[in-house]
Every structure is written in structure tokens, then in C-alpha cells.
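Novice: Quick check, what structure comes out for this input:
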Amino acid sequence: MKLDWDRRTCARRGHITYAPTEPELRTRLHAATAVGDAWRCLRCGDFALGEPHGSGPARNAPLVPRGKALRDLFILRFLAVERIARGLFIVLAAWAVWKFSNSQDAVRRLFDENLTVFRPVANHFHYDVDHSPIVDTIRKTFDYEHSTLTVVAVALLVYALIETVEGVGLWMARRWAEYLTVIATAAFLPLEIYELTEKVSWLKVATLVINVLAVLWIALSKRLFGLRGGREAFEAERQSASLLEVEEAAGSAPAGLAGAPAAG
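Specialist: Purely as a prediction, here's the structure:
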């Protein structure tokens, strides 16, 4: 069963109505009922009782995402949530590194004490805990300089800030955020590919595939970097869609209105 994004969104957020000043078009968008005036929604096309949310020339009708644009907005906001969640996780990682940098000796003592307690159990199962790769990796972190760990914590905070800014911008459907997301995500793709050459895991593969698809989808669908006509074609599409929302809600366009996008 095909999902009606327009009606689904209107059910959650309410209708958006507009009263154009053009008499013929205004008549098509308006209906008088026994319980009051009704205006046609610019998103789903249904009539809604009450005063319109705005009025003016048809060319000034609000840009209401509908159909494909509405689906694109949903995908952008899904990516926005993922970016913001990732940013929060990285902030926690930066805080952990900073706390560790100020308590290395105490953490080392605690680790050695617990390792001593665990050693007899490990020996019972013939596991050489003193030469374990995991234990060796943890011990190496104790040798890092305080200044090095501080730099790592700051770098993580900067990365978290970039992710959070991306997320907020994508949620608001800002074009600069789409550019930032494509550039930042593409910049880390070589690192993700290199990590796969070191060790393959389903999580790493899934992350790489999602990031590659996100870069391609945003760049192509939003016409970034001059693709598919670039910004000029993107803006023309938006303006055309704005007029079509009013025209489609009315059922047909009045004479001469089809040329309006070029004038705008």
C-alpha cells in the first residue's frame, strides 16, 4: 500500500491554506459550507474549515514541501538525527579522554589492581592475560602524554561540533548544511576504506555503504556542485513547485500563470 506522505504530514501538523488574490484562482481554492468557509490545503489538496493561513498573489504562496520534496525532507531529517546522535556520542568520548588525561596514574593503579584479581581466573582457563592484545593496547594508552590526550579531546570536540552543525542544518533543510555534509562525509571515506583493509566487520561495511549512499543522494537530488543544472536548476524547480502547489490544488492553472516562474 502506497504511503500518502502529504496526508500523513497534514494529519500530524495540520493543513496549510492560502488565499490568492487572483479572482479565478481564489474561487477554485475556496468553498462555502454550511459551517463556514473552507480553503484547499496547499500540501494535500483537501479542504479545511477556517480562515486561510495567508493571502496574496499566487507567486507569493509559501513553499510547502509535498510529494517527492516531502519524502526528501524526511530522509534529510533522518540523517540529521543520526548526525546529532553521533555528535553527542563523540562529546562523551571527548569527555572520557579528558578525564582520563587528568587521572592516568589513578586509572593505571585501578587497572593493575583489577588485573591482579582477575589473573588467577585467567590462568585457570589457560589464558595469558599479561600478553593479551587487549591488555597491551590498554597499557599503551597509559604511556600517552597528557598534552597528546588533550589534543585528542579537543579534536573530538571539534568533530562533534561539525556533526552537530550538520545535523541542525539538515533538519532545517539548509543548502549550506547539505554541502557541509557531503564534504565532511566524503573526507572520511578514505579512512573508512583503510579501516576495512585492516579488519572487516559488518558494522564498518554498513557504515561505509550508508555514507557513500548519503553523499551520492544529497549531491544528486539537491543538485550540488553544479550537478543536474546546479543551484539555478534547483531554485527554478523550487519556484515552479511553489506555483504548481497552488495550480494543482485549484485543479488547473489560469491563463498566463504558466509563465510566472520565468518572471520570478
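Novice: the strands in this protein, which residues?
Specialist: Taking DSSP state E to define them, one finds strands in the chain at 19-20, 30-33, 36-40, 47-49, 55-56.
Novice: so which of the ones you listed is the most packed in?
Specialist: strand 19-20 (a mean of 22; mean count of other C-beta atoms under 10 Å). All C-beta spots, glycine's among them, are computed from the backbone N, C-alpha and C.
Novice: Can you spell out which helices and strands pack onto that strand?
Specialist: In terms of contacts (3 or more C-beta pairs under 8 Å, 6 or more residues apart in numbering; DSSP states H and E), strand 19-20 is packed against helix 23-29, strand 55-56.
Novice: Only the buried residues of the first one, if you could.
Specialist: Spelled out, it's helix 23-29. By 16 or more other C-beta atoms under 10 Å, the buried positions in helix 23-29 come out as 25, 26, 28, 29.
Novice: can I get the helices and strands packed on strand 19-20 in TSV with distance to residue 211 and mean pLDDT?
Specialist: Output for these, formatted as TSV (distance: least, C-beta to C-beta, whole Å; pLDDT from 0 to 100):
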stretch	distance to residue 211	mean pLDDT
helix 23-29	44	83
strand 55-56	43	88
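Novice: Mind putting these into CSV with distance to residue 188?
Specialist: Putting those into CSV (distance: least, C-beta to C-beta, whole Å) gives the following:
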stretch, distance to residue 188
helix 23-29, 48
strand 55-56, 45
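Novice: Same question for stretch 3-11: list its buried residues.
Specialist: Result for stretch 3-11 [16+ other C-beta under 10 Å]: buried residues 5, 6, 9, 10.
Novice: Give me the mean pLDDT for that stretch.
Specialist: Mean pLDDT, stretch 3-11: 83.
Novice: next one: it to chain centre, how far?
Specialist: 20 Å (C-alpha atoms, centre = their mean, to the nearest Å).
Novice: Dead centre of the protein: give me the residue that sits there.
Specialist: residue 80 (2.3 Å; C-alpha atoms, centre = their mean).
Novice: So for that residue, what's the pLDDT?
Specialist: 92.
Novice: mind listing what it touches?
Specialist: 166, 167, 168, 169, 170, 171 (C-beta atoms under 8 Å, 6 or more residues apart in numbering).
Novice: which sections of the stretch 51-200 of the chain are below the confidence cut-off?
Specialist: Segments of the stretch 51-200 of the chain classed as low confidence (criterion: pLDDT under 70) are 104, 107-108, 110-115, 117-118, 122, 124-126, 129-139, 142.
Novice: quick one: the helices in it?
Specialist: 68-101, 104-124, 133-141, 146-171, 175-198 (DSSP state H, counting those that start in this stretch).
Novice: Correct me if wrong: residue 219 contacts residue 226.
Specialist: No. Residue 219 is not in contact with residue 226 according to C-beta atoms under 8 Å; the separation is 10.1 Å.
Novice: And those two? Which one has more around it.
Specialist: residue 219 (18 against 10; other C-beta atoms under 10 Å).
Novice: How much space separates the more buried one from residue 230?
Specialist: Taking C-beta to C-beta, to the nearest Å as the measure, residue 219 and residue 230 are separated by 11 Å.
Novice: And residue 82, by the same measure?
Specialist: 27 Å.
Novice: next one: residue 30
Specialist: 39 Å.
Novice: How about residues contacting stretch 154-171?
Specialist: 76-77, 79-84, 86-88, 90-91, 93-94, 97, 176-178, 180-181, 184.
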